[in-house]
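**Student:** Here is my input; please provide its structure:
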Amino acid sequence: MIYTDTFVFVHLPKTGGTFVRTILQGVADRRRESASLLGRAADALRGRPFDPRESTGLKHFGPRHIPVKHAAKEVVSCIRNPFDRLVSQYEFKWWVRHADEIAPQEELLALYPHFPELSFEEWYRMHDRFTLTEFLDGDGHGPGLQSRQFVEFFARDLERAIEQARDGRLDEVRASIADVRFLHTETLNRDLFDLLAGEGLPEAWLEGILESDRIPPPEGGRSKEQTWERYYTPAFFEEVRERERLALELFPEYDRPLGTGARSAADRPFEAVTRDATARERLLSAALASALLARDPDRPPPPPSPPMGDLLKILVAVLLPPLGVFLEVGLGKHFWINILLTLLGYLPGIIHAVWVIAKK
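**Tutor:** Predicted coordinates for the structure are as follows:
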C-alpha cells in the first residue's frame, strides 16, 4: 500500500503493482532532485508536496484496510485480464512454495499424486476447490477463483459480500466493491502517466514513464511466445469464462471469445470505468462530440477547453514567466530560453511562457 498526498495505491498481486511502485519512487526522486525555489513553487501551486510513502506491512491489503487518516483519499489500483492473471499466478509458482497454505499435503497428494507437477487446468481446479472456500455454498457452487480473490481484496464489507456470493446475489456483490480508480495492466504506462499528469506534476518529473519497460518478477517472466491464450483449450476457456462471470461482468472489456483478445482502452464501454470519474468525463465528452459529428459530418469537433491546471500556469506565466515554464516542462531548454527572453524584455518572456504552456 502506497500513500501519496491525494491518493492511496493498493496492490492486487500480479497486476503490475511493482511497476507502479517503481515509477512513483522515481517521480519522488526527481522531485527531491529539483528541491530548489522553483521546485518548491511547483509544490506550492499544487498546494501540497508529492512524496509517496509505502507501508510494507500492508503491501497486499485492500481498500478496507486503509488507515483512517488516509481514508478520504482516492483509491487507485491495477486490474488485469483475468485469464492472463490466472496464467501469471500459475507460472509464479507461489502455490508450490506454499502448498501447506492451500491444503494438507496428504489431501493434495490423494487428489494429485504427481503434485506439484500440475497442468494449468489441474492447478485451476485445485485452487477452485481449496482457495477462499467460504465463498462457496454447500454444493461447492459460487464465483470462480479470480472473482473470489477480487471480491476478497476490494469488498467494503467482506462478510456480507461472502454471504451474498454464497446465495448467488451477484448484483449485491458487485455493489459491495469499493470505489476505485483502476489502471489497466495492458495500458499501464499511459494510465499511470495520465493519473500523475492529472495531479498537476511538472512534465519533467514524469519523463520516461510512457517508454518504461515492465518489471518482470525476480524468477523471470514468461517469454513473448508464452501468451496466455496458449494455456487454454477452447473447452477449458469456456469453463473458466463461465466460472469467472462475476469478474467479467465487472470488467466486460475482458469478456471476449478465445483468440479475439481484449478490447483496447479506447473501446472500453462506459460500465468498465464507472469508478473513474475522469474517464467518465472523457467518455461523455467523446460521446457528445460523436453525436455532433454524426449530425454534421463536415463539422470539425470543437476544441477542448483548457484544464484548470493550465489556466493557473498561464496566470503564473504572466506574473513570473520562468516559473510558468518550469511548471510545464521543468528545467529544460525552454526554461533557460525563457529566462533569457525575460531578461531581454518582460513581454517576450510572457509571450514565450504562454506559448510553451498553450502548445501542450
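
**Student:** what about residue 106, how many neighbours?
**Tutor:** Number of residues near residue 106 (other Cβ atoms under 10 Å) recorded here: 7. (C-beta placed from N, C-alpha, C; glycine too.)

**Student:** Check the gap between it and residue 100 for me.
**Tutor:** Look at residue 106 and residue 100: by Cβ to Cβ, to the nearest Å, they are 11 Å apart.

**Student:** residues shared between the contacts of these two?
**Tutor:** Residues touching both residue 106 and residue 100 (Cβ atoms under 8 Å, 6 or more residues apart in numbering): there are none.

**Student:** Surely residue 201 and residue 28 touch.
**Tutor:** No - at 10.3 Å, residue 201 and residue 28 do not qualify as touching, with contact defined as Cβ atoms under 8 Å.

**Student:** Of the two, which one has the most company?
**Tutor:** Of the pair residue 201 and residue 28, residue 201 is the one with more neighbours under other Cβ under 10 Å, namely 22 against 17.

**Student:** where do the strands sit along the stretch 151-300 of the chain?
**Tutor:** All strands of the stretch 151-300 of the chain, identified by DSSP state E, counting those that start in this stretch, fall at 181-184.

**Student:** for it, which spans come out with low pLDDT?
**Tutor:** Low-confidence segments of the stretch 151-300 of the chain (pLDDT under 70): 217-222, 260-300.

**Student:** let's see it at 90
**Tutor:** Low-confidence segments of the stretch 151-300 of the chain (pLDDT under 90): 164-171, 173-175, 198-208, 212-226, 257-300.

**Student:** where along it do the helices fall?
**Tutor:** Secondary structure of the stretch 151-300 of the chain (DSSP state H, counting those that start in this stretch): helices at 158-166, 170-175, 188-198, 234-243, 245-250, 277-295.

**Student:** which helices and strands sit right next to the fifth one?
**Tutor:** The contact analysis (3 or more Cβ pairs under 8 Å, 6 or more residues apart in numbering; DSSP states H and E) places helix 245-250 against helix 145-154, helix 170-175.

**Student:** which residues sit against that helix?
**Tutor:** Outside helix 245-250, the residues touching it (Cβ under 8 Å, 6+ apart) are 82, 143-144, 146-147, 150-151, 165, 170, 173-174, 177, 241, 254-255.

**Student:** Give me the buried stretch members for that helix, please.
**Tutor:** For helix 245-250, the neighbour count (16 or more other Cβ atoms under 10 Å) marks 246, 247, 248, 250 as buried.
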